[in-house]
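In: Return a 3D structure for these sequence lines:
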Amino acid sequence: MVRGNFSVLSQFSAAAFDLGGKVWTFKHRDFLNWPFGWCAITALGIFDPGRTAQLILWELKLVINFPHATTVLISSGVITHSNIPVATGDVPMSFTQYTAGTIFHWVENSCRTEKELQVADPECWGKMQTGKDKAYLRCVGNFSTVNELLGKLK
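Out: Residues are numbered from 1 along each chain as shown. This next block holds a predicted model:
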């Protein structure tokens, strides 16, 4: 049985703590993360979010003030993101939770690697290979549309 990182406190399979120093990232996409899921980033520390450590979501053309104790959910495997370096005297920290895409593939393969599935169940493996080009459509349907979100505000 696979045990979670934080028992009932987290649904993510992995976490990273950045506990000080120059907490910032270059412009990047976490291409190994599950592209149809979320990455939870929590800002911690002591800093002025109006002048330092803002979150940048490049495709959305957004620069977001990201204050202490705030959590943002982004699809880090799809959206290019970074943050602004911290100012002198600020003490930023972060806690990031995510799930690697390979875990989802492993579960879809009946808890086997793709090579193991190919050997153990060639028929299932063949069906999976045939459907790969459209598998993303099933996952994209999990996201809300702008109209669905606006409808909930009414």
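
In: give the contact list for the residue nearest the centre of the chain.
Out: Nearest to the geometric centre of the chain sits Cys39, at 2.5 Å (CA atoms, centre = their mean). If you count contacts by CB atoms under 8 Å, 6 or more residues apart in numbering, Cys39 has them with 30, 33, 73-77, 96-98. Quick note: C-beta positions are derived from backbone N, CA and C, even for glycine.

In: Filter those down to just the buried residues.
Out: By neighbour count, with 16 or more other CB atoms under 10 Å, the contacts of Cys39 hold 30, 33, 74-77, 96-98 as buried.

In: Next SSE downstream of the top helix by length along the chain?
Out: Looking across the chain with DSSP state H, the single longest helix is helix 122-140. Beyond helix 122-140 on the C-terminal side, the first helix or strand identified by DSSP states H and E is helix 146-153.

In: And that next one, what's buried?
Out: So, applying 16+ other CB under 10 Å, helix 146-153 has no buried residues.

In: Show me how far it is from its chain's centre.
Out: Remark: helix 146-153 is offset 23 Å from the chain centroid, using CA atoms, centre = their mean, to the nearest Å.

In: How about stretch 130-146?
Out: Mean-position distance between stretch 130-146 and its chain equals 17 Å (CA atoms, centre = their mean).

In: mean confidence score for that stretch?
Out: Throughout stretch 130-146, pLDDT has a mean value of 78.

In: With stretch 17-32 instead?
Out: Taken as a whole, stretch 17-32 carries a mean pLDDT of 84.

In: now the end-to-end length of it.
Out: Using CA to CA, to the nearest Å, one end of stretch 17-32 lies 18 Å from the other.
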